[in-house]
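Engineer: Task: produce atomic coordinates for the following.
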Amino acid sequence: MLVFWAAAVVSVALPSLAQQPDVPTTAKVDTAPQVAAANEADPPSDPPADEGTEATFPRFKDTRFWLSGQMNFIFQTHPPFHAAYSGTNSLSPKYEKATSRVLTLYTGVRLNNSTEILVDIEEAGGAALTTGLGLAGNTDLDIVRNPLLSKAPYLSRGMIHKVFALSKDKIENERNALSLFDELPRRRLEIRFGKFSMPDFFDTNSVGSDTHFQFLNWTTDNNGAYDYAADTRGYTVGATADYEDRNWGFRFAEALMPKVANGIDLVWKPWQAHAENFEYELRHGLIPKKAGVVRLLAYTNYANMGIYRQAIAQFEQGLTPVPETTNHPWHITRKYGFGVNLEQNLTRHLTAFGRFGWDNGKTESFAYTEVDQTFAGGLGANGAWWHRKQDRAGVALVTNAICKDHQNYLADGGLGFLLGDGKLNYGRENIVESYYTVHVWRGIYLAPGVQHINDPGYNRDRGPVLVPSFRAHVEF
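Structural biologist: The predicted structure is shown next:
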């Protein structure tokens, strides 16, 4: 419990940067800087897919400090598509267009060779296609669904990072916005507490985790069945412990859960509502003499979550006009799930990645998106292959599903925080996504892309949907 009170101190110590009042939305802003972990295995035969990014201005030469920033603008549209019917939470079948933006200022100070403080300020705004509704695998991870959400800057991250050396030998660390150290002990324990986003440290992937340079879809960049602890913006308060050795690592996080599904307010009673996250990482390729990583994820959430089967029973008894997962007194229920995250170098400049995720599904989707099972796989290519080392390209396929109770809930007219067509002719939601990121000049990058979604919102009576996109990114 002490870590939560310590985390609370971090949040209270910066009142001028606190979150804005609660406005119900389903925004999930992905603003994690693309980082390279200081984890050294046996020297790989191939380099990682990305060889770093350029910035518009030079960075601080004094390694005690960090100051950088980014701007990410994503324009998306979709033409009209077939829809036999639409409901309250349906993706609009009419022509739409929308532009989202995320602006982030990353700051940090290293107090000594083992302790640092990191504080990031963010502003997110713009619009989303159909205010972010109607898709489990939404097409833009940067969106803010509710246009009434305050546009004022807010504290996205504020944490203390402490490294405990467990060996005398050191390895080089590529400094980034989440770790300012030039070098780290080869064997170490890293403790963080404060405000952060769970995907900053869990379920990361070198070619499928970053909306700044890579894919845009929620279930391509993250494991869709990983209902990780988060407020509306995608952040939580808690603590992480990360043990790193030469070829493997194990990390754990304890974090706060929101009061309501996808709400902005967290429950500051960790003895009631809380989340545990576990991840084992093995830095070893599946192909001999080729670098790769295997990550095994598990999580469990305790929060004021509804049960789909109970909501359906209330509806069938005539107690509610449609099933409502929120029609219950305050009670804590449990949701749990598992995930596998793979990446494998195929050639010097081509990396494959894959994810599998599953959760128990009987408890309502609460913090991320409405997915109970997911498979994702794809390829990421580095532009050095065609003599443009700052360019990137990728293609991915995702297939999402929900459990039978979740299907019946939506078929009877129930609403989730993202989905609800009024009826449901169930089918897996299948997504194909591709992009090309071109480096224009210094820290300026442009990226056209396209997504094709079959059975949006798991409904065979709607779609398919084609979503072209264009991204403009500036790195400072």
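Engineer: Helices of the stretch 201-350 of the chain, start to end?
Structural biologist: 218-221, 308-316 (DSSP state H, counting those that start in this stretch).
Engineer: Could you say which of those helices is packed most deeply?
Structural biologist: Most buried of the helices of the stretch 201-350 of the chain by mean neighbour count (mean count of other CB atoms under 10 Å) is helix 218-221; its value is a mean of 29. From N, CA and C alone the C-beta is placed, and that goes for glycine too.
Engineer: That helix - what's its average pLDDT?
Structural biologist: Mean pLDDT, computed over helix 218-221, is 98.
Engineer: And residue 412, its phi and psi?
Structural biologist: Here is the backbone geometry of residue 412 (degrees, to the nearest 10): phi -80, psi 0.
Engineer: Would you confirm that it contacts residue 309?
Structural biologist: No - using CB atoms under 8 Å, residue 412 makes no contact with residue 309, being 11.5 Å away.
Engineer: didn't residue 107 look like it was pressed against residue 67?
Structural biologist: Yes - Residue 107 lies in contact with residue 67 (CB under 8 Å); the separation is 5.6 Å.
Engineer: any idea how far residue 354 is from residue 407?
Structural biologist: Going from residue 407 to residue 354 by CB to CB, to the nearest Å gives 25 Å.
Engineer: Any stretches of the stretch 1-150 of the chain with poor pLDDT?
Structural biologist: Applying pLDDT under 70 to the stretch 1-150 of the chain flags residues 1-52, 145-149.
Engineer: To which secondary structure element is residue 408 assigned?
Structural biologist: In this assignment (DSSP states H and E), residue 408 forms part of helix 404-411.
Engineer: Which positions within that helix qualify as buried?
Structural biologist: Across helix 404-411, burial judged by 16 or more other CB atoms under 10 Å covers 405-411.
Engineer: Keeping just the C-alphas, turn the next helix or strand after it into CSV.
Structural biologist: Toward the C-terminus, helix 404-411 is succeeded by strand 429-441 as the next helix or strand (DSSP H and E). Extracted in CSV, the C-alpha atoms of strand 429-441 (Å, rounded to 0.1, in the frame of the first residue of the first chain):
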residue,chain,number,x,y,z
GLU,A,429,-13.9,-8.2,-36.6
ASN,A,430,-11.0,-8.6,-39.2
ILE,A,431,-8.6,-5.7,-39.9
VAL,A,432,-5.8,-5.2,-42.5
GLU,A,433,-3.6,-2.2,-42.0
SER,A,434,-0.6,-0.8,-43.9
TYR,A,435,1.4,2.4,-43.8
TYR,A,436,4.5,4.0,-45.2
THR,A,437,6.4,6.7,-43.1
VAL,A,438,8.6,9.0,-45.1
HIS,A,439,11.3,11.2,-43.6
VAL,A,440,11.0,14.6,-45.1
TRP,A,441,13.6,16.7,-43.3
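Engineer: so after strand 429-441, what's the next helix or strand?
Structural biologist: strand 444-454.
Engineer: residues in contact with that following strand?
Structural biologist: Outside strand 444-454, the residues that touch it by CB atoms under 8 Å, 6 or more residues apart in numbering are 53, 56, 135, 137, 139, 212-213, 215-217, 390, 427, 429-440, 463-475.
Engineer: which of these count as buried?
Structural biologist: By neighbour count, with 16+ other CB under 10 Å, the contacts of strand 444-454 hold 53, 135, 137, 139, 212-213, 215-217, 390, 427, 429-435, 437, 439, 463, 465, 467, 469, 471-475 as buried.
Engineer: Residue 123 is in contact with residue 155, correct?
Structural biologist: No - assessed by CB under 8 Å, residue 155 is found out of contact with residue 123, at 11.2 Å.
Engineer: Compare those two and say which is more crowded by neighbours.
Structural biologist: More crowded of residue 155 and residue 123, by other CB atoms under 10 Å: residue 155, with 21 against 17.
Engineer: partner residues bridging that one?
Structural biologist: residue 121 (DSSP bridges).
Engineer: Okay, it and residue 235: tell me how far apart.
Structural biologist: 9 Å.
Engineer: Between the two, which contacts overlap?
Structural biologist: With CB under 8 Å, 6+ apart as the test, residue 155 and residue 235 both reach residue 195.
Engineer: what helix or strand is the closest residue to residue 114 other than its chain neighbours on?
Structural biologist: Nearest residue to residue 114 in three dimensions, chain neighbours excluded: residue 163, at 4.6 Å (CB to CB, 6 or more residues apart in numbering). Using DSSP H and E, residue 163 sits within strand 154-165.
Engineer: could you dump the helices of the stretch 201-350 of the chain to a markdown table with distance to residue 111?
Structural biologist: Output for the helices of the stretch 201-350 of the chain, formatted as a markdown table (distance: least, CB to CB, whole Å):
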| stretch | distance to residue 111 |
| --- | --- |
| helix 218-221 | 32 |
| helix 308-316 | 48 |
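Engineer: Minimum distance to residue 117: which of these has it?
Structural biologist: Comparing the helices of the stretch 201-350 of the chain by their distance to residue 117 (CB to CB), the top pick is helix 218-221, with 27.5 Å.
Engineer: ok, residue 198 touching residue 227?
Structural biologist: No - using CB under 8 Å, residue 198 is not in contact with residue 227, being 10.2 Å away.
Engineer: pretty sure residue 257 is touching residue 272, no?
Structural biologist: No - using CB under 8 Å, residue 257 is not in contact with residue 272, being 9.1 Å away.
Engineer: And for the nearest residue to residue 432 once chain neighbours are set aside, the neighbour number?
Structural biologist: Nearest non-adjacent residue to residue 432, counting by CB to CB, 6+ apart: residue 452, 4.8 Å away. When neighbours are defined as other CB under 10 Å, residue 452 has 15 of them.
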